[in-house]
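*Asks:* Compute the structure for the input listed below.
(chains A and B)
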Amino acid sequence: MTDQSDPKTPSRTELFFDSDLWWSFKSHKSAVGAAIVLGFVIVAAFLAPVLSPQDPYDLAALELWNAELPPIWMEGGQMPYLLGTDVQGRDILSGILYGTRISIIIGIASVAVSLVVGIGLGLMAGYYGGWIDNVLMRIGDVLLSIPIVLVAILVSSVAQQFLSPAWREAGVAAVLVLAIAMYSWVQYARVVRAQTMVERRKEYVQASRLVGTPARRLMLKHILPNTLTPIFVAATLNFGLAILIEATLSFLGVGMPPNQPSLGTLIRVGNQYLFSGSWWIVLFPSIQLCILVVAVNMLGDWLRDALNPKLR
Amino acid sequence: MNTHTPALTVEGVSKTFDVSAPWLNRVLERRPKLFVKAVADVSFTVEKGTCCSIVGESGCGKSTVARLVTGLYRTTSGNISFGTGAEGRPIRVQMIFQDPHSSVNPRWRVGDIIAEPIREMKLRDTEAETLARVRELLETVGLGADDAQKYPHEFSGGQRQRISIARALASEPELLVCDEPTSALDVSVQAQILNLMRRLQDELGLTYLFISHDLSVVRHMSDQIAVMYLGRIVEQAPVEQLFTDPQHPYSQLLLKTIPDVKNPKRRVEAQAGEPPSPLNPPSGCAFHPRCPIAMEKCKAIMPELLQADGQARVACHAVAQKE
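*Replies:* All right, here's what the predicted structure looks like:
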């Protein structure tokens, strides 16, 4: 495709700010609010090394006499530990910022992996149909029938068998991403398949076939752009779901280890000290997880309504 | 232009579609496989520079013939061959589709839509030549060269059909298969598109295979007409002969359905029923349940397409007996 710079032709950014989508976004207060909160959380997470008072990964920086300090506004609270510390003297706020970063990275990575797999297989299933369709969709059905926790435990234990100990630590995040992606690609594949089956019969696809366009280009340049709208919505909602699944797995102990805590790991570790009165260790990471997932889901809900032609 | 060199020869072409239920349903419900014979033993030729039309009710297989000729469907049996075009290569075929809303990709700019055949078939060497050709094509079909930058939703149905024609012309075809190109358009726009197509035929020496259910459109465009009923050609004749002296009772029925300006309140004899399902076609002549002159023979034996008066070919026992 060519983009000639013609004075009459609006650029893509101009088109975006002139679009129905942008107008709908501006008029939905909840969507704007969610976007602002989400933007704040994401920026804070990725600025964690700058913002946080302490490097939670640096075990040498932890001071045991600062353990279990309450938040700053309570009696015994100390600067710079705004939200208090955990049993090892680790700053809760720093842990949350770094943990959010890990959660977001795993969420984005697993959505990206499952998008690539799901779109690819969905296009093939929808375009070719027949036995390819049957085999791919039955594999998807089987994967969806296994609980995700079992899949994750299976994947991570298999990975542990084959990864050397040095790689295990680094590989945990990748294993989590794979486990979540294995579960969620099926949804994308189903959406893309259904849309592909509709689009491939349309006359513009047949017109393109007539000039000898190969199947791969037909799928990627003609059909795929016309299936992206529902995929966009599914990806947003699944991003929130992926963060939740990661937190669940970490909470159950098959996710991120305590020395590289994600939000789920922080909640699991903090949970053990809930009854000793140190409620802040578990409460603040939980609140952060809620804020993150609710913001993502509110954006996703708005997007689903905004892109649904029947609700316009 | 009547050089009597065929641009397209279709010989005994049939197309069967498998419309069976999924395998598991078939096994559980003990249903047999189901086939629809959409096109059965169709033969015709189209001479270079002429327009041959195929008419018939919906479901008679005329669109299937169009897709068989362009190669979108493979024939079940029979043979489709093309004459030689420019530079000694076989004639190039392109197609114009019925629905102007689904025949262009809504996410592509018009310029890219029209340039696609040029780029896919590598008909121009440089990008600048391609864009120049796109502008030329846009002007040929009566749009502006600036329209290349717009998206399809900025155009009306008639304009989109012009885009569709420009895309078809981009691959420099000699034979255009038009699958009801005007049936989705307003009457006034229909006339514009038909006139454009006639002008293009004169200027570029195109050959048309024109599919339609609208006889008045067909009369305006064509030299030859083939009337199809349930997958078969029942009558084929030069256009004026068919309109003045239709032989097959089905052709007569079709002509009676055209509204008459001079005599709008004339009585139209009601004809029984609708076309039968191609899943379960009647025995013998497929038209006999609706035919006013059906005989016993019609229920048993399928009539062949035989030479009749003038240049017509008709598949009817009654007409054959008259001879």
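
*Asks:* Please make it C-alpha for all contacts and neighbour counts, starting now.
*Replies:* Noted.

*Asks:* what is the rounded mean pLDDT of stretch B:29-40?
*Replies:* The average pLDDT for stretch B:29-40 rounds to 86.

*Asks:* again with stretch A:157-173
*Replies:* For stretch A:157-173, mean pLDDT is 72.

*Asks:* Now do that stretch: everything it contacts.
*Replies:* Contacts to stretch A:157-173, defined as C-alpha atoms under 8 Å, 6 or more residues apart in numbering or on different chains, come from residues A:106, A:156, A:175, A:255-256.

*Asks:* 10 Å instead, please
*Replies:* Residues from elsewhere that reach stretch A:157-173 (C-alpha atoms under 10 Å, 6 or more residues apart in numbering or on different chains): A:102-103, A:105-106, A:109-110, A:151-156, A:174-175, A:177-179, A:246, A:254-257, A:259-260, A:262.

*Asks:* Mind checking which of those are buried?
*Replies:* By neighbour count, with 16 or more other C-alpha atoms under 10 Å in any protein chain shown, the contacts of stretch A:157-173 hold A:102-103, A:105-106, A:109-110, A:151-153, A:155-156, A:174-175, A:177-179, A:246, A:254-257, A:260, A:262 as buried.

*Asks:* Can you say which helix or strand has residue B:319 in it?
*Replies:* Counting by DSSP states H and E, the element that carries residue B:319 is helix B:317-322.

*Asks:* List the ones among the contacts of stretch A:157-173 that fall in helices.
*Replies:* Members of the contacts of stretch A:157-173 lying in helices (criterion: DSSP state H): A:102-103, A:105-106, A:109-110, A:151-156, A:174-175, A:177-179, A:246.

*Asks:* Just the CA atoms of the helix or strand harbouring residue B:37, as CSV, please.
*Replies:* Taking DSSP H and E as the criterion, residue B:37 maps to strand B:35-47. C-alpha atoms of strand B:35-47 as CSV (Å, rounded to 0.1, in the frame of the first residue of the first chain):
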residue,chain,number,x,y,z
PHE,B,35,-25.6,-33.3,-4.0
VAL,B,36,-27.0,-30.4,-5.9
LYS,B,37,-26.5,-30.3,-9.6
ALA,B,38,-26.3,-26.6,-10.1
VAL,B,39,-25.3,-26.7,-13.7
ALA,B,40,-25.9,-29.7,-16.0
ASP,B,41,-24.5,-30.2,-19.4
VAL,B,42,-24.3,-26.5,-20.5
SER,B,43,-22.7,-25.7,-23.8
PHE,B,44,-22.4,-22.3,-25.6
THR,B,45,-19.9,-20.2,-27.4
VAL,B,46,-19.3,-16.4,-27.2
GLU,B,47,-17.8,-14.7,-30.2
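
*Asks:* Around chain B, pick out the residues from the stretch 151-300 of chain A.
*Replies:* When proximity is defined as C-alpha under 10 Å from any C-alpha of the partner chain, the stretch 151-300 of chain A approaches chain B at A:199, A:201-214, A:221-223, A:225-226.

*Asks:* if you look at the residues you listed, which of them are in helices?
*Replies:* Counting by DSSP H, these contribute A:199, A:203-210 to helices.

*Asks:* Buried among the residues you listed? Need that as a selection in PyMOL.
*Replies:* Buried subset of those, written as a PyMOL selection, criterion 16+ other C-alpha under 10 Å:
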select buried, chain A and resi 199+203+204+205+206+207+208+209+210
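
*Asks:* Serialize the ones in helices among the residues of the stretch 151-300 of chain A next to chain B to JSON lines and add fields for pLDDT and distance to residue A:138.
*Replies:* Supplementary listing: those in JSON lines, determined by pLDDT from 0 to 100; distance: C-alpha to C-alpha, whole Å:
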{"residue": "A:199", "pLDDT": "90", "distance to residue A:138": "22"}
{"residue": "A:203", "pLDDT": "89", "distance to residue A:138": "30"}
{"residue": "A:204", "pLDDT": "90", "distance to residue A:138": "30"}
{"residue": "A:205", "pLDDT": "91", "distance to residue A:138": "27"}
{"residue": "A:206", "pLDDT": "90", "distance to residue A:138": "29"}
{"residue": "A:207", "pLDDT": "90", "distance to residue A:138": "32"}
{"residue": "A:208", "pLDDT": "90", "distance to residue A:138": "31"}
{"residue": "A:209", "pLDDT": "89", "distance to residue A:138": "29"}
{"residue": "A:210", "pLDDT": "87", "distance to residue A:138": "32"}
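
*Asks:* I'd assumed residue A:184 was in contact with residue A:151.
*Replies:* No - between residue A:151 and residue A:184 there is no contact under C-alpha atoms under 10 Å: 11.7 Å.

*Asks:* anything in contact with each of the two?
*Replies:* Common neighbours of residue A:151 and residue A:184, counting by C-alpha under 10 Å, 6+ apart, are A:143-144, A:178.

*Asks:* the helices in chain B, which residues?
*Replies:* Under the criterion DSSP H, helices of chain B are mapped to B:23-29, B:62-70, B:110-120, B:127-140, B:157-170, B:187-204, B:215-221, B:239-244, B:249-256, B:296-300, B:317-322.
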